[in-house]
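A.B. asks: The following comprises the amino acid sequence and a computationally predicted model.
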Amino acid sequence: MKSDVIKQGPDRCPHRALFFATGVTRKAMDRPFIGIASSFSDLIPGHVQMRDLERFIERGVEAGGGTPFIFGIPGICDGIAMGHEGMRFSLPSRDVVADAVEAVTMGHALDGLILLTNCDKITPGMLMAAARLDIPAVVVTAGPMLSGRYEGRRLDFVHDTFEAAGKFHAGEIDLPELERLEIEACPGAGSCQGLYTANTMACLTETMGMSLPKCGTALSVSAEKRRICYESGQRIVELVKNHITTRSILNARALRNAITMDLTLGGSTNTVLHLLALVNELGIPDIHLKTFDELSKKVPHLVFLRPAGELFMEDLHFAGGIPAVQKTLAGLLEDNPTVSGFSVREIQAAVRVIDQNVIRPLNHPHSPEGGIAVLHGSLAPEGAVVKQSGVSEKMKVFRGKAICFNSEEDAMNAITAGHIQKGSIVIIRYEGPRGGPGMREMLAPTSAVVGMGLSDDVALITDGRFSGGTRGPCIGHVSPEAFDGGPIALIQDGDEITIDIPARTLNLLVDPSILDQRRQIWIQPQPKYSHGLLARYTRLALPTNQGAAMK
């Protein structure tokens with residue numbers, strides 16, 4: 001066992017003494033040491049229930065013949081960090097999570113890991129650490145929240161708080177109703193109820209084989225989630241004993257399956273960053289940004305959850321969950337091992353689709369193409385990303401005049417003040433990985449546009465990113481970013497831009513000679529931070545088409 005280096009022989013007497021000080025028995029010392037990397041936090045609704053889930057994981061590890069050790073991992077709630085300086089820290093925290101798991105695991109020579117996670121950047125950070133360490137690991141995502149209820153209708157966090165704020169500014173609802181929505185939208189523990197980033201990543205983690213079947217959709221407050229925790233604890237000990245490490249499961253086939261699942265679900269555009277960062281961690285040479293678009297043209301969109309549709313994660317779970325989607329996709333997925341001990345093909349064969357109104361068959365998709373499209377053109381030579389499943393047919397081809405803002409705050413102020421006219425394309429720049437820094441999510445301005453009834457008349461383009469809750473013609477990840485002198489830095493108010501999602505193009509209709517003149521007088525801004533995590537991220541962040549992780 002890997003932990004023998006700290007347990008075996010006379011020279012390890014001091015090490016054993018320290019473990020005995022924690023309450024470990026001599027018998028437990030002979031078992032595999034299993035780390036439970038828990039991102040429990042009182043600050044994050046998706047994580048507040050983890051103390052309970054930790055107990056069931058511990059029980060499972062003990063039952064399987066291992067010795068469990070819980071250690072803490074930090075996390076940020078993107079919803080709380082949204083719209084202020086805190087959001088700059090969200091994406092860089094993904095690297096912090098990966099580094100923390102790596103450091104504790106290597107420092108204590110652990111034999112295997114349970115990665116207890118849930119929300120946006122914590123799950124990909126955990127996966128990056130598992131890939132980096134290449135020891136046996138099982139991911140447990142803590143599960144989605146139940147839908148809220150208000151006057152007979154179901155509520156979710158994004159639609160009924162962020163977009164409700166836009167409706168309030170538009171005069172469609174009053175303050176008392178806004179206050180009723182904010183107290184009813186999130187009824188308890190769990191990740192936000194739609195197919196936002198946290199839940200998308202949970203579904204993709206299960207698809208890649210790093211979680212047990214049904215883990216990605218099982219509700220946070222359910223007994224089923226407790227049972228999955230217990231069984232995950234048992235299973236990690238088996239993986240250690242059989243020397244089944246992460247990279248035997250996380251490979252090119254698993255990543256292509258994850259992209260396929262992302263496309264058929266119509267998931268968050270953030271997953272593009274996270275999967276590319278994982279590809280970078282694994283060193284897989286044949287998966288790139290263009291892979292998403294190549295697969296998108298082959299993979300139909302079968303599940304229509306919020307924010308694009310009206311279904312919730314609970315609907316997907318009770319329709320059969322990710323295994324039922326896997327069965328529906330059939331040969332579009334590649335066979336591969338999983339931490340459960342069953343292969344993808346075996347999982348597909350063992351389940352049935354319970355509700356084809358939720359998980360449509362291949363011959364009756366919502367769209368023949370996947371939920372994400374990658375655009376290129378004179379405005380985005382290295383690519384840009386849009387959730388095409390959330391864009392109306394009217395707006396999939398759009399031509400408008402730019403109105404430029406050099407920060408999210410300036411754009412938000414203009415939108416809520418009613419300064420954005422129909423036919424405009426709102427440019428929000430200097431919000432990329434290095435320029436932001438941190439590539440902030442733009443949920444507040446996009447939700448305000450939707451809430452104010454402008455989603456069929458106004459587009460948004462940014463070198464930052466969008467929340468999983470974003471819908472409408474919102475194009476993010478524009479690369480190169482403005483901070484590095486990408487074309488988005490050279491746009492001026494009134495410039496015409498064309499968006500053509502079916503043709504996968506994003507073009508700035510300005511003569512190249514004029515752009516050259518603008519480039520001659522463009523001055524790269526100074527970094528916003530000179531010390532700390534954000535200064536380090538500014539120096540080390542890779543471009544978005546490589547996942548925006550730190551080098």
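C.D. replies: Sure thing, it's come through.
A.B. asks: Assess the claim that Y430 and F483 are in contact.
C.D. replies: Yes - here Y430 lies in contact with F483, judged by C-beta atoms under 8 Å, at a distance of 6.0 Å. Where you see a C-beta, it was placed from the backbone N, CA and C, and this is true even at glycine.
A.B. asks: Need the residues touching each of the two.
C.D. replies: Common contact partners of Y430 and F483 (C-beta atoms under 8 Å, 6 or more residues apart in numbering): D463, A489, P525.
A.B. asks: where does this structure dip in pLDDT?
C.D. replies: Along the chain, no part satisfies pLDDT under 70.
A.B. asks: what's near enough to touch the residue nearest the centre of it?
C.D. replies: The residue lying closest to the centre of the chain (C-alpha atoms, centre = their mean) is T197, at 3.7 Å. T197 sits next to D78, D120, S268, N270, T271, S467, G468 when contact means C-beta under 8 Å, 6+ apart.
A.B. asks: Just give the number of residues close to A63.
C.D. replies: 13 (other C-beta atoms under 10 Å).
A.B. asks: Relative to H108, how far out is it?
C.D. replies: Applying C-beta to C-beta, to the nearest Å, the value for A63 to H108 is 22 Å.
A.B. asks: what do you get for R360?
C.D. replies: 47 Å.
A.B. asks: So these two - more neighbours on which side?
C.D. replies: Neighbours per residue (other C-beta under 10 Å) separate R360 from H108, with R360 holding more: 19 against 15.
A.B. asks: any idea which element the more buried one lies in?
C.D. replies: Using DSSP states H and E, R360 is not contained in any helix or strand.
A.B. asks: With adjacent residues omitted, what lies nearest to it?
C.D. replies: L302 (4.6 Å; C-beta to C-beta, 6 or more residues apart in numbering).
A.B. asks: What is the burial count for the one you found?
C.D. replies: When neighbours are counted by other C-beta under 10 Å, L302 comes out with 24.
A.B. asks: got a list of what I523 touches?
C.D. replies: Contacts of I523 by C-beta under 8 Å, 6+ apart: none found.
A.B. asks: Need the three-state assignment for it.
C.D. replies: coil (DSSP: H, G, I helix; E, B strand; the rest coil).
A.B. asks: Tell me how far it lies from A482.
C.D. replies: Counting by C-beta to C-beta - I523 and A482 are separated by 12 Å.
A.B. asks: Same check on I347?
C.D. replies: Applying C-beta to C-beta to I347 and A482 gives a distance of 44 Å.
A.B. asks: Compare the two (neighbour count), which wins?
C.D. replies: Neighbour totals were compared for I347 and A482, and A482 leads with 29 against 21 (other C-beta under 10 Å).
A.B. asks: List the residues that contact I428.
C.D. replies: Taking C-beta under 8 Å, 6+ apart, one finds F405, S407, E408, A411, M442, P445, L460, I461, T462, D463, G464 in contact with I428.
A.B. asks: and E393, how many residues sit next to it?
C.D. replies: 9.
A.B. asks: and if you look at K551?
C.D. replies: Using other C-beta under 10 Å: K551 sits among 8 other residues.
A.B. asks: K290 now?
C.D. replies: Neighbour tally, K290, other C-beta under 10 Å: 12.
A.B. asks: swap in the one 5 residues further on?
C.D. replies: Taking other C-beta under 10 Å as the criterion, the count of residues near L295 is 19.
A.B. asks: Tell me who's in contact with it.
C.D. replies: By C-beta under 8 Å, 6+ apart, the contact set of L295 is R256, I259, T260, L263, G370.
A.B. asks: Save these as TSV, and put in secondary structure, neighbour count and distance to V450 too.
C.D. replies: Converted to TSV, the contacts of L295 look like this (DSSP: H, G, I helix; E, B strand; the rest coil; neighbours: other C-beta atoms under 10 Å; distance: C-beta to C-beta, whole Å):
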residue	secondary structure	neighbour count	distance to V450
R256	helix	22	32
I259	helix	27	27
T260	helix	24	28
L263	helix	29	23
G370	coil	28	22
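A.B. asks: what's the closest of those to H531?
C.D. replies: Proximity of these to H531, judged by C-beta to C-beta, is greatest for I259, which lies at 37.3 Å.
A.B. asks: and L375, which of the three is it?
C.D. replies: strand.
A.B. asks: just A198 next, same as before
C.D. replies: helix.
A.B. asks: just I461 next, same as before
C.D. replies: Assignment for I461 (three-state DSSP): strand.
A.B. asks: ok, it to I497 distance?
C.D. replies: In terms of C-beta to C-beta, I461 sits 7 Å off from I497.
A.B. asks: okay, these two: which has more neighbours?
C.D. replies: When neighbours are counted by other C-beta under 10 Å, I461 and I497 differ, and I461 comes out ahead with 29 against 23.
A.B. asks: Not counting its neighbours along the chain, what's nearest that one?
C.D. replies: Nearest one to I461, counting by C-beta to C-beta, 6+ apart, is I475 at 4.7 Å.
A.B. asks: Show me what the helix or strand where that neighbour lies is in contact with.
C.D. replies: For I475, the host element (DSSP H and E) is strand 474-476. With contact meaning C-beta under 8 Å, 6+ apart, strand 474-476 is reached by 269, 375, 384-387, 390, 442, 446, 459-466, 499, 506.
A.B. asks: Parallel or antiparallel, list what pairs with that strand.
C.D. replies: strand 380-387 (antiparallel), strand 459-462 (parallel) (DSSP bridges).
A.B. asks: most tightly surrounded among these?
C.D. replies: strand 459-462 (a mean of 28; mean count of other C-beta atoms under 10 Å).
A.B. asks: still on that earlier bit, okay, the strands paired with strand 474-476 in a markdown table with distance to K225 next?
C.D. replies: A markdown table is the format used below for the strands paired with strand 474-476 (distance: least, C-beta to C-beta, whole Å):
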| stretch | distance to K225 |
| --- | --- |
| strand 380-387 | 28 |
| strand 459-462 | 36 |
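A.B. asks: of the contacts of L295, closest to L115?
C.D. replies: The closest of these, once distances to L115 are taken by C-beta to C-beta, is I259, at 21.1 Å.
A.B. asks: Test my guess that the closest one contacts L276.
C.D. replies: No - look at I259 against L276 with C-beta under 8 Å: they stay out of range, at 9.9 Å.
A.B. asks: which neighbours do those two share?
C.D. replies: Common neighbours of I259 and L276 (C-beta under 8 Å, 6+ apart) are I287.
A.B. asks: does the residue nearest to R440 when sequence neighbours are not counted sit in a helix, a strand or a coil?
C.D. replies: Spatially, and ignoring its direct neighbours in sequence, R440 is nearest to M87 (4.2 Å; C-beta to C-beta, 6+ apart). Here M87 takes the helix state, with states given by three-state DSSP.
A.B. asks: For M87, list the residues it contacts.
C.D. replies: M87 is in contact with D78, A81, G438, R440, E441, counting by C-beta under 8 Å, 6+ apart.
A.B. asks: next one: L43
C.D. replies: G75, C77, I80.
A.B. asks: and if we set it to 6 Å?
C.D. replies: C77 (C-beta atoms under 6 Å, 6 or more residues apart in numbering).
A.B. asks: Strands of this protein, start to end?
C.D. replies: Along the chain, the segments classed as strands by DSSP state E run 33-38, 67-72, 112-117, 137-141, 148-150, 153-155, 372-377, 380-387, 397-405, 424-428, 459-462, 474-476, 496-500, 505-508.
A.B. asks: Which positions in the fifth one come out as buried?
C.D. replies: With burial defined by 16 or more other C-beta atoms under 10 Å, the residues of strand 148-150 counted as buried are G148.
A.B. asks: How about residues contacting that strand?
C.D. replies: Taking C-beta under 6 Å, 6+ apart as the rule, strand 148-150 contacts L155, E184, A185, P187.
A.B. asks: circling back to that earlier point, can you tell me how far the residue nearest to the centre of the chain is from A252?
C.D. replies: 23 Å.
A.B. asks: Same question for L219.
C.D. replies: From L219 to A252 the distance is 32 Å (C-beta to C-beta).
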